[in-house]
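Participant: Structure for this input, please:
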Amino acid sequence: MPNIALELGKQATSFGVTSAYGEQQDVDGVRIVPVALVWAGYGGGSDEQGNGGGGGGGYTLPLGAYIRRGDDLRFDPNLVSLLAVGIPFVWVAGRALSRVIRALKK
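Facilitator: Below you'll find the model as predicted:
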(Lines give C-alpha, C1' and ligand atoms only; values in the text may rest on other atoms or scores of the structure.)
Protein backbone atom coordinates (compact mmCIF):
# COMPACT_ATOMS: atom_id res chain seq x y z
CA MET A 1 0.00 0.00 0.00
CA PRO A 2 1.45 3.41 -0.93
CA ASN A 3 2.27 5.88 1.79
CA ILE A 4 -0.81 8.10 2.17
CA ALA A 5 1.15 11.06 3.53
CA LEU A 6 3.42 11.11 0.49
CA GLU A 7 0.46 10.93 -1.89
CA LEU A 8 -1.27 13.82 -0.12
CA GLY A 9 1.96 15.81 -0.17
CA LYS A 10 2.30 15.36 -3.92
CA GLN A 11 -1.27 16.55 -4.48
CA ALA A 12 -0.88 19.52 -2.13
CA THR A 13 2.05 21.03 -4.04
CA SER A 14 -0.22 22.27 -6.81
CA PHE A 15 -2.99 23.16 -4.37
CA GLY A 16 -1.54 26.37 -2.91
CA VAL A 17 -1.32 29.03 -5.61
CA THR A 18 -4.19 27.74 -7.71
CA SER A 19 -6.55 27.94 -4.76
CA ALA A 20 -5.31 31.30 -3.40
CA TYR A 21 -5.61 33.04 -6.77
CA GLY A 22 -8.67 32.15 -8.82
CA GLU A 23 -8.95 32.00 -12.57
CA GLN A 24 -8.86 35.31 -14.40
CA GLN A 25 -12.29 36.51 -15.51
CA ASP A 26 -12.89 39.07 -18.26
CA VAL A 27 -16.08 41.11 -17.78
CA ASP A 28 -16.79 44.02 -20.16
CA GLY A 29 -13.10 44.62 -20.83
CA VAL A 30 -12.21 44.46 -17.12
CA ARG A 31 -9.93 41.67 -15.88
CA ILE A 32 -10.71 40.29 -12.43
CA VAL A 33 -8.52 37.86 -10.45
CA PRO A 34 -10.09 36.70 -7.15
CA VAL A 35 -7.77 36.32 -4.15
CA ALA A 36 -8.34 34.20 -1.05
CA LEU A 37 -6.53 33.09 2.08
CA VAL A 38 -6.40 29.29 2.05
CA TRP A 39 -5.16 26.76 4.56
CA ALA A 40 -5.54 23.01 4.74
CA GLY A 41 -4.47 20.07 6.84
CA TYR A 42 -4.06 16.39 6.06
CA GLY A 43 -3.41 13.29 8.06
CA GLY A 44 -3.10 9.60 7.53
CA GLY A 45 -1.78 6.42 8.96
CA SER A 46 -1.59 2.67 8.66
CA ASP A 47 -0.84 -0.37 10.77
CA GLU A 48 1.33 -3.44 10.28
CA GLN A 49 -1.46 -5.36 8.50
CA GLY A 50 -1.72 -2.74 5.77
CA ASN A 51 -4.93 -1.16 7.05
CA GLY A 52 -4.82 2.55 6.61
CA GLY A 53 -6.79 5.67 6.18
CA GLY A 54 -6.49 9.36 5.85
CA GLY A 55 -8.40 12.56 5.74
CA GLY A 56 -8.11 16.24 5.42
CA GLY A 57 -9.88 19.51 5.50
CA GLY A 58 -9.41 23.11 4.67
CA TYR A 59 -10.78 26.61 4.90
CA THR A 60 -10.92 29.50 2.48
CA LEU A 61 -11.45 33.16 3.30
CA PRO A 62 -12.13 35.37 0.25
CA LEU A 63 -9.99 38.49 0.61
CA GLY A 64 -10.95 40.40 -2.53
CA ALA A 65 -9.90 40.71 -6.13
CA TYR A 66 -7.30 42.32 -8.34
CA ILE A 67 -9.07 44.46 -10.92
CA ARG A 68 -7.38 45.67 -14.09
CA ARG A 69 -8.88 48.34 -16.37
CA GLY A 70 -6.45 49.14 -19.15
CA ASP A 71 -3.17 50.06 -17.43
CA ASP A 72 -4.80 50.62 -14.01
CA LEU A 73 -4.39 47.72 -11.53
CA ARG A 74 -5.88 47.87 -8.05
CA PHE A 75 -6.89 45.53 -5.24
CA ASP A 76 -10.53 45.70 -4.18
CA PRO A 77 -10.97 44.11 -0.71
CA ASN A 78 -13.95 42.02 0.32
CA LEU A 79 -15.37 44.14 3.16
CA VAL A 80 -17.45 41.34 4.68
CA SER A 81 -14.36 39.14 5.10
CA LEU A 82 -12.36 42.10 6.38
CA LEU A 83 -14.96 42.72 9.08
CA ALA A 84 -15.26 39.01 9.90
CA VAL A 85 -11.52 38.82 10.56
CA GLY A 86 -10.98 42.36 11.84
CA ILE A 87 -13.60 42.54 14.59
CA PRO A 88 -12.38 39.49 16.56
CA PHE A 89 -8.75 40.59 16.04
CA VAL A 90 -9.45 44.07 17.42
CA TRP A 91 -11.35 42.58 20.38
CA VAL A 92 -8.49 40.19 21.26
CA ALA A 93 -5.85 42.89 20.79
CA GLY A 94 -7.80 45.34 22.97
CA ARG A 95 -8.31 42.74 25.68
CA ALA A 96 -4.59 41.83 25.67
CA LEU A 97 -3.58 45.50 25.75
CA SER A 98 -5.86 46.19 28.72
CA ARG A 99 -4.32 43.28 30.63
CA VAL A 100 -0.80 44.49 29.87
CA ILE A 101 -1.66 48.00 31.07
CA ARG A 102 -3.31 46.60 34.20
CA ALA A 103 -0.21 44.46 34.93
CA LEU A 104 2.11 47.45 34.47
CA LYS A 105 0.08 49.56 36.93
CA LYS A 106 0.64 47.03 39.75
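Participant: Who does the most centrally placed residue in the chain form a beta bridge with?
Facilitator: Nearest to the geometric centre of the chain sits V38, at 2.0 Å (C-alpha atoms, centre = their mean). Per DSSP bridges, the residues bridged to V38 are T60.
Participant: Use 612 as the first number for this chain going forward.
Facilitator: Happy to do that; since the first residue is 612 now, the last one works out to V649.
Participant: Report the separation between it and V701.
Facilitator: 23 Å (C-beta to C-beta, to the nearest Å). Quick note: C-beta positions are derived from backbone N, CA and C, even for glycine.
Participant: mind showing which ranges of this structure have poor pLDDT?
Facilitator: 612-613, 615-616, 619-620, 622-629 (pLDDT under 70).
Participant: Which neighbouring elements make contact with the lengthiest helix in it?
Facilitator: Ordering each helix of the chain by length in residues (DSSP state H) puts helix 690-716 first. Counting contacts by 3 or more C-beta pairs under 8 Å, 6 or more residues apart in numbering; DSSP states H and E, helix 690-716 is packed against strand 663-680.
Participant: Now with 10 Å, please.
Facilitator: Helix 690-716 sits against strand 641-657, strand 663-680, with contacts defined as 3 or more C-beta pairs under 10 Å, 6 or more residues apart in numbering; DSSP states H and E.
Participant: Format those as a markdown table; extra columns: distance to A695.
Facilitator: Formatted as a markdown table, these follow (distance: least, C-beta to C-beta, whole Å):
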| stretch | distance to A695 |
| --- | --- |
| strand 641-657 | 11 |
| strand 663-680 | 8 |
